[in-house]
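> sequence and computational prediction follow.
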Amino acid sequence: MAGLPPGLLIRTAKQVWTTLWQAMMGQMAPSSKSGDYQRPESEFRQWIQPDGPYPPTAGRYQLIVGMGCPWAHRTLVTRALKGLAEAISVLPVIPSPDEGCWVFETPFRGCRTLPELYRQAQPGYKGRATVPVLWDTQTASIVNNESAEIIVILNEAFNEWATRPEVDLYPESIKANIDQWNDRTYQAVNNGVYRCGFAQTQAAYDRAVTELFDALDAIDQTLAQHRYLCGDTVTLADVRLFTTLFRFDVVYYSLFKCNRRRIQDYAHLGPYLRHLYQLPGVAATCDIEAVKRDYYGNLFPLNPGGIIPSGPDLEYLKATVEGLANG
């Protein structure tokens, strides 16, 4: 190989790597024919209800989460804001860079990996084994693995055991407004950063990054008028946005090519992020080292060397918050 012309080596290596990259991306991040990332739907969608197969009970249910995952992080933030630490336990899993799945630090119910637990709960299951999982310890079954629904369940179903039952993150009077924000932030921001990072064509990336920053600009303008997305009360819309914003400057800005602007550089989004981080119990759910490890260390197609950056310094999140609207 040393005697081959440099141009031939480069062209050959590029062709081989591009072929492998497309194959790996197809497994990790399925896309449309135009190269746009398409997130698969969650498949377990049961609810906690008094008259259903999964009645609300303290100590019966468990959250299986990856600390680096923004979708799982939503459930931890909701659990913290409601004060459900004693009612619902947490079981962390970590990603395996070699196996491409979540694994238990110690075997759980005889399972070493999360896919094994999914198949134990539903024999023959062939779908994705994702976090978060709302697990029923009594029936050894998966209640729900859709984060958007789990946070609604946590907000409503366990008030009897919550230390802050007065906190309502999904008030009936503003549900329509919350839902509107959720729809926009999911497509453009929560999933939008993944559409940027996992885009397989330049056109797909350009569409995603434009929609992402148009949405962030609009949110920043909204926060000039209101402390939170829906007024003067924190809601599930803020929880869903927060977990993406927390990871933005650390991961999405560089690794996912979302580098037009940092969140901390926005006049209102920056203070808003710091304010949410400083709400009671929220900072304890934020594991920045796990975030960096899980993204930089495990997304091989995006970071083949697996090198994890040392920064940035997130001490600014603890600084006194200024620049918030009064609501």
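Done, it's in. Numbers count the residues shown, from 1 in each chain.
> when you work out contacts or count neighbours from here on, use the C-alpha atoms and nothing else.
Noted.
> buried ones in stretch 283-298?
For stretch 283-298, the neighbour count (16 or more other C-alpha atoms under 10 Å) marks 283, 285-286, 288, 290-298 as buried.
> now the residue positioned nearest the centre of the chain: closest residue in space, sequence neighbours ignored.
Geometric centre of the chain, nearest residue: P70, 1.9 Å, by C-alpha atoms, centre = their mean. Closest residue to P70 apart from its sequence neighbours, by C-alpha to C-alpha, 6 or more residues apart in numbering: T243 at 5.2 Å.
> check for me that that neighbour belongs to a helix.
Yes. Checked against DSSP: H, G, I helix; E, B strand; the rest coil, T243 lies within a helix.
> could you identify the helix or strand that succeeds the helix or strand harbouring R240?
In the assignment (DSSP states H and E), R240 maps to helix 236-247. Next in sequence after helix 236-247, counting helices and strands by DSSP H and E, comes helix 269-277.
> any buried residues in that next one, and which?
Of the residues in helix 269-277, those with enough neighbours to count as buried (16+ other C-alpha under 10 Å) are 269-277.
> and those residues as JSON lines, adding distance to C230 and pLDDT?
Below are those laid out as JSON lines (distance: C-alpha to C-alpha, whole Å; pLDDT from 0 to 100):
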{"residue": "L269", "distance to C230": "14", "pLDDT": "97"}
{"residue": "G270", "distance to C230": "17", "pLDDT": "97"}
{"residue": "P271", "distance to C230": "16", "pLDDT": "97"}
{"residue": "Y272", "distance to C230": "13", "pLDDT": "98"}
{"residue": "L273", "distance to C230": "15", "pLDDT": "98"}
{"residue": "R274", "distance to C230": "18", "pLDDT": "97"}
{"residue": "H275", "distance to C230": "15", "pLDDT": "97"}
{"residue": "L276", "distance to C230": "14", "pLDDT": "98"}
{"residue": "Y277", "distance to C230": "18", "pLDDT": "98"}
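> tell me which two in these are the farthest apart.
Pairwise distances across the buried residues of helix 269-277 (C-alpha to C-alpha) peak at 12.2 Å, for the pair L269 and Y277.
> who touches the nearest residue to A224 once chain neighbours are set aside in this structure?
Using C-alpha to C-alpha, 6+ apart and skipping residues adjacent in sequence, the residue nearest A224 is A325, 5.7 Å away. By C-alpha atoms under 8 Å, 6 or more residues apart in numbering, A325 lies in contact with 223-227.
> closest to D168 out of those?
R227 (16.5 Å).
> hang on, that closest one packs against P271?
No. In this structure, R227 is not within contact of P271 by C-alpha atoms under 8 Å, at 9.7 Å.
> can you list residues touching both of the two?
Common neighbours of R227 and P271 (criterion: C-alpha under 8 Å, 6+ apart): L324.
> output the below-cut-off pLDDT ranges for the stretch 1-150 of the chain.
Low-confidence regions of the stretch 1-150 of the chain, defined by pLDDT under 70, span residues 1-6, 8-40.
> would you double-check that E86 falls in a strand?
No. Under three-state DSSP, E86 falls outside any strand and is assigned coil.
> circling back: how close does the residue nearest to P70 get to V77?
9 Å (C-alpha to C-alpha, to the nearest Å).
> higher neighbour count, these two?
V77 (27 against 24; other C-alpha atoms under 10 Å).
> which helix or strand contains the more buried one?
Assigned by DSSP H and E, V77 falls in helix 70-82.
> which residue ranges of the stretch 1-150 of the chain form helices?
Assigned helices in the stretch 1-150 of the chain, in chain order: 6-28, 70-82, 114-121, 147-156 (criterion: DSSP state H, counting those that start in this stretch).
> and stretch 147-163, end to end?
Stretch 147-163 stretches 22 Å from its first residue to its last (C-alpha to C-alpha).
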